[in-house]
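1. Quick check, what structure comes out for this input:
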Amino acid sequence: MKPRISVITLGVADLPRALAFYRDGLGWPTDGIVGSVAEHSAVVFFDLQPGFKLALFPRASIAVDAGVAEQATSSSECILSHNVARREQVTAVMAAAEAAGARIPRRARDTAWGGHAGYFQDPDGHLWEVAWNPKWPLEDG
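-> Residues are numbered from 1 along each chain as shown. Below you'll find the predicted structure:
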C-alpha cells in the first residue's frame, strides 16, 4: 500500500452548522450538502490541495456506514494542521477562525521547535493547529 491520504472525513453533530462554519466562516468553497437523497448519505466536500479533500459527515452516518457504534467525541485524539508561509499569518488565520465561531484553547505563540503556532476548535470540537514552521518553507497563496 502506498502511503497516501485522499480524504479526511470529520464526523459532525450538525451538518448544516459545520457547513456554515467552514464555508461561510472560513470561506472554503464547496458545492454544499450533497448525497442527501438516501438516509445517512448527506455529506459536504471541500477541495484542499489537488487530489485531497476534507469531508464533513454526520457522526451517526459514519457509524451506520462503517458498521460501528457511535462513540463519545474527544478533541485530543487527532489534530489537523494548517501550515502557513509567514509567522504573522498564524494570528490572521486564528482571528478568522475565531470570528467564524471557533473556540481558541491556545492562542498563537512561539514554540519550542522554533516556529509559531496556535490552536482552534471547530463547532464540533475538532482541533486545528495553525503553524508557521521556518524549516518547512511554503509559498504564499
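
2. Output the longest strand belonging to the chain.
-> Taking DSSP state E as the criterion, the chain has its longest strand at strand 103-110.

3. And the next helix or strand past that strand?
-> strand 116-121 (DSSP states H and E).

4. Run through the neighbouring helices and strands of that next one.
-> Other helices and strands packing on strand 116-121, by 3 or more CB pairs under 8 Å, 6 or more residues apart in numbering; DSSP states H and E, are helix 87-99, strand 103-110, strand 127-132. (C-beta placed from N, C-alpha, C; glycine too.)

5. In its sheet, which strands sit next to the longest strand of the chain, and in what direction?
-> Pairing partners of strand 103-110, with direction, according to DSSP bridges: strand 116-121 (antiparallel).

6. What residues of the partner strand count as buried?
-> Applying a neighbour-count criterion of 16 or more other CB atoms under 10 Å, one finds H116, A117, G118, Y119, F120, Q121 buried in strand 116-121.

7. In JSON lines, list these along with pLDDT and distance to A60.
-> Shown next, in JSON lines, are the buried residues of strand 116-121 (pLDDT from 0 to 100; distance: CB to CB, whole Å):
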{"residue": "H116", "pLDDT": "98", "distance to A60": "38"}
{"residue": "A117", "pLDDT": "98", "distance to A60": "33"}
{"residue": "G118", "pLDDT": "98", "distance to A60": "31"}
{"residue": "Y119", "pLDDT": "98", "distance to A60": "27"}
{"residue": "F120", "pLDDT": "98", "distance to A60": "25"}
{"residue": "Q121", "pLDDT": "97", "distance to A60": "21"}
